[in-house]
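S.K.: got a predicted model here, sequence first, then my questions.
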Amino acid sequence: MLRQQPPGPTPRFPNLLMRFRRNPLLFLTQAAREYGDVVRLKFGPRELILLNHPDDIHAMLVTNQKILAKSVVLQRSKRLLGNGLLTSEGEQHMRQRRLVQPAFHRKRIAGYAEVMANYAAEMREQWQPGQVFDVHAEMMRLTLRIVAKTLFDADVERDAQAVGEALEHLLNRFNVMILPFAELIERLPLASNRRVQASIQYLDQLMFRVIEERRHDQRDHGDLLSMLLLAQDTEGDGTGMDNQQVRDEAITLFLAGHETTANALSWTWYLLSQHPAIAERWYRELDEVLAGRIPTMDDVQNLSYTRMILAESIRMYPPAWIMGREALADYHVGDYIFPAGIGLTVSPFVVHHDERWFPNAYQFNPERWTAEQIAQRPKWSYIPFGGGSRICIGEQFAWMEGILLLATIGQRWRLKLMPGHPVALQPVITLRPRHGIKMVAVAR
């Protein structure tokens, strides 16, 4: 016998929506703890089903992916991102995935390791003992330079502020897109809407200019853009991408490859500052493996404790803290059946803090990432990069970048939290530090 309604909080609109907006991480975590693995959330006319069990997450991301579309928020984001990997659906998504995938093959991204480590080395040389800075702002600056170089073979140091501000306006627009009346808000004559349009125009001019220059050049610059321009759909119609499609993929990669990594690194520096014994063990690994030299791609596999630290950091603070789908047909979860059109939601933050899979889940413990510990958990209890055919295409790029940047900077510096600085979570499109993270540089 199929049941129609799973349990969930009393749907008093707008109270429920206000509770969610006020503190979405706390709201979703409490809902999962109180109501279980399948939770009904009704925000006025909009109804969502929160899924919290690894089996149901696997079903959503893999088994049933053909009857699911991207969430309403990501569908709305086409106005910003166009029809790139993040927003496209069905056959078009599969075609684009085939075209973009070679740009992220291991041999290709290995060539970016030197860029990553060298840019991190440049940053560490600019710091002074006792200097106080917002490590989140520094990591944003660093990852922006890296993504510009690896994507466009361009050094954006000169234009970094303008590019950074334009990207920030686009990222902030996602906060509006999750509101019930987003379409109405976006049509109002607001200064924020004008800033978003100006940012899109600025980035479009920048990207289309570079794309046109490359079309005429026709050389492989060793960057991601070259791969996008040279890509041919050998499994399909044999054609490549037009300029608009290249732009859509490039801006998607620009956004996805910039702030997410900066956030992960920022939270990692914070966690290391709060756990000096773990930090000291990490420094020993850096000294033993690297012996004072800048790390290379070949070192990544030997920096095992660095990887464990990063894995634990993005467990606790997953940059992509929520993901959603919309059912295109009736959708079954255990004894429940939901009608087409229902929204399905998974929060990596909630799942990553489930005591069933991660005992003492709010404790920073890199030892969770030994092979023995990993084998004891369900695979789908850890989903920082999503999963299935829509898994983050840059996952290996992100791991390599995170490990190399941490190792390069950690060789030279200890970062200590500025006394009295408030650290708080800000779950917007990604999981940011609300007030930044002010840190003091201490030479090793």
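M.R.: Alright, I've got the coordinates. Keep in mind the model is a prediction, meaning the values are calculated, not measured. Numbers count the residues shown, from 1 in each chain.
S.K.: in the stretch 51-200 of the chain, which spans are strands?
M.R.: For the stretch 51-200 of the chain, strands defined by DSSP state E, counting those that start in this stretch occupy the ranges 68-70, 132-134.
S.K.: for these, which one sits closest to residue 419?
M.R.: Checking the strands of the stretch 51-200 of the chain against residue 419 by C-beta to C-beta gives strand 132-134 as the closest, at 10.5 Å. Just so you know, the C-beta spots here come from the backbone N, C-alpha and C atoms, and that holds for glycine as well.
S.K.: okay, now the unreliable bits of the stretch 51-200 of the chain?
M.R.: 155-157, 178-182 (pLDDT under 70).
S.K.: 90 instead?
M.R.: 69-111, 148, 151-193, 196, 200 (pLDDT under 90).
S.K.: that one: helices as residue ranges?
M.R.: 54-58, 72-76, 78-81, 90-100, 106-110, 113-126, 135-152, 160-177, 182-187, 191-217 (DSSP state H, counting those that start in this stretch).
S.K.: list the buried residues in the longest one.
M.R.: The reference is to helix 191-217. Buried residues in helix 191-217, counted by 16 or more other C-beta atoms under 10 Å: 195, 196, 199, 200, 202, 203, 206, 207, 210, 211, 214.
S.K.: in contact with the fifth one, which residues?
M.R.: Contacts of residue 202 were listed using C-beta atoms under 8 Å, 6 or more residues apart in numbering, and they are 162, 166.
S.K.: now it: how far from residue 195?
M.R.: Distance of residue 202 to residue 195, given as C-beta to C-beta, to the nearest Å: 10 Å.
S.K.: cool, residue 138 as well?
M.R.: 24 Å.
S.K.: ok, back up a step: which among the buried residues of helix 191-217 gets closest to residue 247?
M.R.: Closest to residue 247, out of all of the buried residues of helix 191-217 and judged by C-beta to C-beta, is residue 207, at 5.0 Å.
S.K.: the closest residue to residue 8 other than its chain neighbours: what secondary structure?
M.R.: Excluding the flanking residues, the one nearest residue 8 by C-beta to C-beta, 6 or more residues apart in numbering is residue 40, at 3.5 Å. The three-state assignment at residue 40 reads strand, by DSSP: H, G, I helix; E, B strand; the rest coil.
S.K.: I figured residue 40 hits residue 10, correct?
M.R.: No. Using C-beta atoms under 8 Å as the test, residue 40 is too far from residue 10 to be in contact (10.6 Å).
S.K.: ok, those two, which is more surrounded?
M.R.: Ranked by neighbour count (other C-beta atoms under 10 Å), residue 40 and residue 10 place residue 40 first, with 20 against 7.
S.K.: quick one, what contacts the more buried one?
M.R.: Contacts of residue 40 (C-beta under 8 Å, 6+ apart): 5, 6, 7, 8, 47, 48, 49, 50.
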